[in-house]
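Enquirer: Got a sequence here, can you model it:
(2 chains)
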Protein chains: 2
Amino acid sequence: MSRAYNFSAGPGTLPESVLVELQAALLEFSTCRAGIMEISHRSQPFEDVLQSAKARMRRVLGVPDDYAILFLQGGASLQFYQVPLNLALPTDATDYIDTGTWASKAYAEAKTVSDAKVIWSSKATTYDRVPAPMDVKPREAAAFVHYTTNNTIYGTQCAAPPATDKRLFADMSSDIASRPIDVARHDVIYAGAQKNLGPSGVTAVLLSPWALARVAEVKAARGGLPSMLDYTVAAANDSMYNTPNTFGIFALERVLAWVEGQGGLPAVAQRISGRAARLYAALDASDFWKPHAQPDSRSSMNVTFRLKNGDLEGAFIKEAHAAGLMELKGHRSVGGMRASLYNALPDEAVDALIAFMGEFERRNG
Amino acid sequence: MSRAYNFSAGPGTLPESVLVELQAALLEFSTCRAGIMEISHRSQPFEDVLQSAKARMRRVLGVPDDYAILFLQGGASLQFYQVPLNLALPTDATDYIDTGTWASKAYAEAKTVSDAKVIWSSKATTYDRVPAPMDVKPREAAAFVHYTTNNTIYGTQCAAPPATDKRLFADMSSDIASRPIDVARHDVIYAGAQKNLGPSGVTAVLLSPWALARVAEVKAARGGLPSMLDYTVAAANDSMYNTPNTFGIFALERVLAWVEGQGGLPAVAQRISGRAARLYAALDASDFWKPHAQPDSRSSMNVTFRLKNGDLEGAFIKEAHAAGLMELKGHRSVGGMRASLYNALPDEAVDALIAFMGEFERRNG
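Expert: Numbers count the residues shown, from 1 in each chain, chains lettered A, B, ... in the order given. Modelled structure (predicted):
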């Protein structure tokens, strides 16, 4: 067997060169005479890995010097709770944009610890769109506006942040490090690593100085916070209040090095948007295909589509699999097909998919 | 370079044969044509890994069929909070045995969500002992007694559970899978994986039917629980409410397979206790050495000791390192030396350490 083109929505494909580096480090890392998973998180070699991961993330994403960079556990799902627990007073108005399953789960957790409200939703149209920046109208009292930059399941993506003067919090799990972002415009950014940053089990969290300062006030109002959920504890201990996911952080550091080697986010974004445009053009070329997302809401990370003749979808997925185009089945809540085009997917994979689609249409159209 | 004898207290040494298996799986796992970190947690190949990990843990530890086995994130430190949050009413008396740093942190978190009390402590003697089973006297109203089976930093270990008819909750992070345990005598057992089970970033949690049933009552009293911290959510979703640490669970599954290959826990325990006894005998052979733990509280996992002449400790650690005996420095809160003898450490490592100690004493005694 050999490695196929892997369109998995996450955990997703990783750069082969990084995987080869990880292989070597499993048995012997640096001059440790032990593998990367077998050394203390307090050892200098691991401390160097952690600092390098932070420095690379700061360079790659353009994170301001005074923002904290944390590597936590529990995925974005734990952040759905941890974010409002740390940053909203129980009485705070917290405004959520509902663009899909994960956005909706973030809102559900926020509701338990703050005065949360959904201020925009595309649920009625099966989450086929995101709001235009000007369409986001937060409450006057909103402490922050939370949005999800990319919606993995539905294949939609925000081209720009909401146009509001409120503080912005963003779940960027499925498109972080795929394009330049204005980090300074956000007070909180978080992302599970398992799409563009590395393996599952690491969550990157970026916090502005305002956010870190706010925790003290919220903590006082709540009568304390659990140590493991307190951002100021994590920040004061540089993500090592307890043993972090050391292998996951190492893998993330290597993936970020690979991104830098690709020329950083401007170069990545050009490549990513170009190939997504080619795939959408193929989907738009005939009514054999039914792309799910509205044109102005299309994601360059997850391309969701159905066939006009739904009966052919099973055959499409099966034959694509046989042709080495893996994991094209859509999420169980939507059906159809989904091609996830994360950074590490080679361009040739997208070209091969487009070629296969053309051939499939000729045979079945 | 080559792999040395690694006495790290954790993350600790892993079986070399497992590391070689992990290396191969990074690029191509099973028939996936993708690496283990690159496949969906909802895919059949990963589902098989998860079920195998649970089945092996059930066999290896003798977990009753009606106990839930969960693989969570956040380490034992998150369990310090999650355990009482799920299983104690705010008014419940929860009794804690304070045998060291981690036990004390568990108590601190419990205090914020229940009527927690330290009912036994060895703090006054620098945690050089654990209670004899009969010395544990819980409060009449105690909902449970929490204890730490092995204290990594101080090198102490409970030979048996507390002799009480109260429900027992145990943090077994640093000695799980090193000896047979009576799982059925406990309602909660949890352990960070990074000593005997695998890499950091996975936490194994075992819950009795009583514990799982109790969550509903506590949840009602607390007005709900955050989804990611709710044991019943994790159990209902078989540890996959969101994306788990897939690579970590795979590594844990491989480590448990290795334990089974060693003959299971009776065989492991015999090997572990034998070599620990040899090391303690060497420490007891002359007053050149000063073992920290009281004889009846000694750990077979972490052997802590000082030199009568403390000035020589730096030289001992440095020369041992040069001789390929790595990570013998004690925890910063205790100083001196610590040799961690986790399952994956070869017996030859302990023999080499004993030989080096003899030689060091001859040169410096």
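Enquirer: any idea whether A:Ser333 is helix, strand or coil?
Expert: coil (DSSP: H, G, I helix; E, B strand; the rest coil).
Enquirer: What residues does it make contact with?
Expert: By CB atoms under 8 Å, 6 or more residues apart in numbering or on different chains, the contact set of A:Ser333 is A:101, A:153. (Glycine included, C-beta is placed from N, CA and C.)
Enquirer: gap between it and chain B?
Expert: A:Ser333 sits 12 Å away from chain B, going by CB to the nearest CB, to the nearest Å.
Enquirer: likewise A:Leu72?
Expert: Counting by CB to the nearest CB - A:Leu72 and chain B are separated by 8 Å.
Enquirer: The closest residue to that residue other than its chain neighbours: how many residues sit nearby?
Expert: Distance criterion CB to CB, 6 or more residues apart in numbering or on different chains; nearest residue to A:Leu72, sequence neighbours excluded, is A:Thr203 at 4.7 Å. For A:Thr203, the neighbour count with other CB atoms under 10 Å in any protein chain shown is 26.
Enquirer: if I read this right, A:Thr203 contacts A:Leu78, doesn't it?
Expert: Yes: here A:Thr203 reaches A:Leu78: they are 7.1 Å apart, a contact under CB atoms under 8 Å.
Enquirer: partners of the residue nearest to A:Leu72 in the sheet?
Expert: Note on A:Thr203: beta-bridge partners A:Leu72, A:Gly192, judged by DSSP bridges.
Enquirer: And the strands in the stretch 101-250 of chain A?
Expert: A:115-121, A:142-148, A:150-151, A:156-157, A:168-171, A:186-192, A:203-207 (DSSP state E, counting those that start in this stretch).
Enquirer: In a markdown table: these, plus mean pLDDT.
Expert: Listed next are those as a markdown table, based on pLDDT from 0 to 100:
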| stretch | mean pLDDT |
| --- | --- |
| strand A:115-121 | 98 |
| strand A:142-148 | 98 |
| strand A:150-151 | 98 |
| strand A:156-157 | 98 |
| strand A:168-171 | 98 |
| strand A:186-192 | 98 |
| strand A:203-207 | 98 |
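Enquirer: Mean neighbour count, the ones you listed: which tops it?
Expert: Mean neighbour counts were taken over the strands of the stretch 101-250 of chain A using mean count of other CB atoms under 10 Å in any protein chain shown, and the top value, a mean of 29, falls to strand A:150-151.
Enquirer: Show me what that strand is packed against.
Expert: With contacts defined as 3 or more CB pairs under 8 Å, 6 or more residues apart in numbering or on different chains; DSSP states H and E, strand A:150-151 has these neighbours: helix A:101-111, strand A:156-157.
Enquirer: ranking those by burial, who's on top?
Expert: strand A:156-157 (a mean of 26).
Enquirer: Skipping its backbone neighbours, what lies nearest A:Val136 in space?
Expert: A:Pro162 (3.6 Å).
Enquirer: does the one you found really touch A:Ile97, like I thought?
Expert: Yes: assessed by CB under 8 Å, A:Pro162 is found in contact with A:Ile97 at 7.0 Å.
Enquirer: Would you mind listing what in the stretch 251-365 of chain A touches chain B?
Expert: A:251, A:324, A:326-327, A:332 (CB under 8 Å from any CB of the partner chain).
Enquirer: From B:Asn245, how far out is the residue most central in space within chain A?
Expert: With distances taken as CA atoms, centre = their mean, A:Ser173 lies nearest the centre of chain A, 1.8 Å away. For A:Ser173, the distance to B:Asn245 equals 15 Å [CB to CB, to the nearest Å].
Enquirer: Then A:Trp258?
Expert: From A:Trp258 over to B:Asn245 (counting by CB to CB), the distance is 21 Å.
Enquirer: Mind checking which of the two has more residues around it?
Expert: Neighbour comparison, A:Trp258 and B:Asn245: the larger count goes to B:Asn245, with 33 against 18 (by other CB under 10 Å).
Enquirer: Give the closest residue to that one in space, chain neighbours not counted.
Expert: Nearest non-adjacent residue to B:Asn245 (CB to CB, 6+ apart): A:Gly201, at 3.1 Å.
Enquirer: The one you found against B:Ser200, yeah?
Expert: No: counting by CB under 8 Å, A:Gly201 stays clear of B:Ser200, with 9.4 Å between them.
Enquirer: quick one, phi psi at the residue in the stretch 251-365 of chain A that chain B sits nearest to?
Expert: Using CB to the nearest CB, A:Met326 is the residue of the stretch 251-365 of chain A that sits closest to chain B, at 6.3 Å. Main-chain torsions, A:Met326, degrees, to the nearest 10: phi -100, psi 150.
Enquirer: Could you count how many residues lie near it?
Expert: 24.
Enquirer: Next up, the contacts around it.
Expert: Contacts of A:Met326 by CB under 8 Å, 6+ apart are A:4-8, A:320, B:32-34.
Enquirer: just checking, which of the residues you listed belong to helices?
Expert: A:Ala320 (DSSP state H).
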